[in-house]
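Chemist: Got a predicted structure plus its sequence, pasted below:
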Amino acid sequence: MSPAWARFFAMIDPSLTTAVPSAPPRPQPPAAPPRWALIAAAVAINVIWALSYPVSKLVMTDLPVGALSCWRVVGAALLLAPLLRRRDFPARWSLGDAVSLGLMGTLGFALPIWLQYAGTVKTTASNVSMIVGLETVMVVVLAAMFLREPLRRRTWGGLAAAVGGVAFISVDPATLDLLSGRYAAGNGLMLLSIAGFASYTILGKSLIDRWSGTALTVLPLAVAGALMLPIFYLTDPVGFQRGLALSASEFWGVFFITAIATAASYAIWNWVLRWVSAGTLAYSLYIQPVAGALFSAWLLKETLTPTYWWGAGLILLAMALGAETGKARPEPTAADEPEGAPEPAAAA
């Protein structure tokens, strides 16, 4: 019975009316977090990641690359899996979603992690920080290509300032270590690694409106672990057994990399990604060369370049140029609809 007829019969005889069910209200988009909270989260994540490079270099003094890689992805997935809830998933999965999640786990995580650790042992931690700085350029360009994020003049200015700043921090003009032939293999592996990590951010941003940050962290990690664990066991059984017998110092290093630098940091990264563009968030990656050089000097006794502070200043300028002036507010999606909600009635 239509509402108009219900009102008509109510005037004649209230007993003739029937209750007209009303659709539940459409959920409103969640309120955006304060800008300071997003900035603080992005800064904290990148400081943690910067610390993870010298820590991983120390851990891999005796621990095989494959062992640390498997501990990182499998351990992080197991830590985060209990946090998954039904609301973290969309109401309907598409084939495109499944393919994107698979690519995030393989191209965006499993392969880059192995390349990162294989490259880390063949170059210096400062060189690693320098090359990681190029990830922002890749993310910004890929976001413009695949996510249609705008490329403004100030964006190019920020990228140029940042690349220059990272070069000042990481390259000693007296030795040009980054360009040294003895580091070529390690630097090349690191370059391929950050290309894979850049694809992780782009794929994650394309899914973040339908999936929660927790799901976008756990599922790719599970895919990566399911791929890496059997490969490592079959190709290096001795290294696999070695990875199960951690010393006390190795345990705490692996714990930091697994629980803090991977599980917690990637979950928070994907949460922040819901509220800001991929290109803007990528500018926070430039914190890693600044903090990474300091951590490498502290833990690995690597020498800061004479132009370190010039580089740090340029990177701060780049981050200011790349900052968004507004906030992104996600629209409610199918995943936000209450279960059992009636479909809208068709017009007569």
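Modeler: That came in fine, so what should we check first? The model shown is predicted, which means the values in this text are computed figures rather than measured ones. Numbering: from 1, shown residues only.
Chemist: Okay, now the unreliable bits of the chain?
Modeler: 1-30, 125-127, 129-130, 162-163, 165-183, 304-309, 311-312, 315-316, 318-348 (pLDDT under 70).
Chemist: quick one: buried residues of stretch 214-232?
Modeler: 214-229, 232 (16 or more other C-beta atoms under 10 Å). Yep, even glycine has a C-beta here, placed from its N, CA and C like the rest.
Chemist: Contacts only, for Ile202.
Modeler: Counting by C-beta atoms under 8 Å, 6 or more residues apart in numbering, Ile202 makes contact with 139, 142-143, 146-147, 278.
Chemist: let's see it at 6 Å
Modeler: 142, 146 (C-beta atoms under 6 Å, 6 or more residues apart in numbering).
Chemist: what's the helix or strand for it?
Modeler: Ile202 belongs to helix 184-207 when assigned by DSSP states H and E.
Chemist: Export that helix to PDB, keeping only CA atoms.
Modeler: The C-alpha trace of helix 184-207 is given here as PDB (Å, rounded to 0.1, in the frame of the first residue of the first chain):
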ATOM      1  CA  ALA A 184      75.600  -1.600  -8.900                       C
ATOM      2  CA  ALA A 185      73.900  -5.000  -8.300                       C
ATOM      3  CA  GLY A 186      72.500  -4.100  -4.900                       C
ATOM      4  CA  ASN A 187      71.200  -0.700  -6.200                       C
ATOM      5  CA  GLY A 188      69.600  -2.400  -9.200                       C
ATOM      6  CA  LEU A 189      67.800  -4.800  -7.000                       C
ATOM      7  CA  MET A 190      66.600  -2.000  -4.800                       C
ATOM      8  CA  LEU A 191      65.300   0.000  -7.800                       C
ATOM      9  CA  LEU A 192      63.200  -3.000  -8.900                       C
ATOM     10  CA  SER A 193      62.000  -3.500  -5.300                       C
ATOM     11  CA  ILE A 194      60.600   0.100  -4.900                       C
ATOM     12  CA  ALA A 195      58.900  -0.200  -8.300                       C
ATOM     13  CA  GLY A 196      57.000  -3.200  -6.800                       C
ATOM     14  CA  PHE A 197      56.200  -1.300  -3.600                       C
ATOM     15  CA  ALA A 198      54.900   1.600  -5.700                       C
ATOM     16  CA  SER A 199      52.500  -0.700  -7.400                       C
ATOM     17  CA  TYR A 200      51.200  -1.900  -4.000                       C
ATOM     18  CA  THR A 201      50.200   1.700  -3.100                       C
ATOM     19  CA  ILE A 202      48.400   2.300  -6.500                       C
ATOM     20  CA  LEU A 203      46.500  -1.000  -6.300                       C
ATOM     21  CA  GLY A 204      45.600  -0.400  -2.700                       C
ATOM     22  CA  LYS A 205      44.200   3.100  -3.500                       C
ATOM     23  CA  SER A 206      42.100   1.600  -6.200                       C
ATOM     24  CA  LEU A 207      40.400  -0.800  -3.700                       C
END
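Chemist: got the angle for the next helix or strand after it vs helix 184-207?
Modeler: Following helix 184-207 in sequence order, the next helix or strand is helix 213-235 (DSSP H and E). Interaxial angle, helix 213-235 versus helix 184-207 (axes from the mean of the first three to the mean of the last three C-alpha atoms, to 10 degrees): 140 degrees.
Chemist: Buried residues, the very next helix or strand once past helix 213-235. List them.
Modeler: Using DSSP H and E, the helix or strand that follows helix 213-235 in sequence is helix 237-243. Residues of helix 237-243 classed as buried by neighbour count (16+ other C-beta under 10 Å): 239-240, 242-243.
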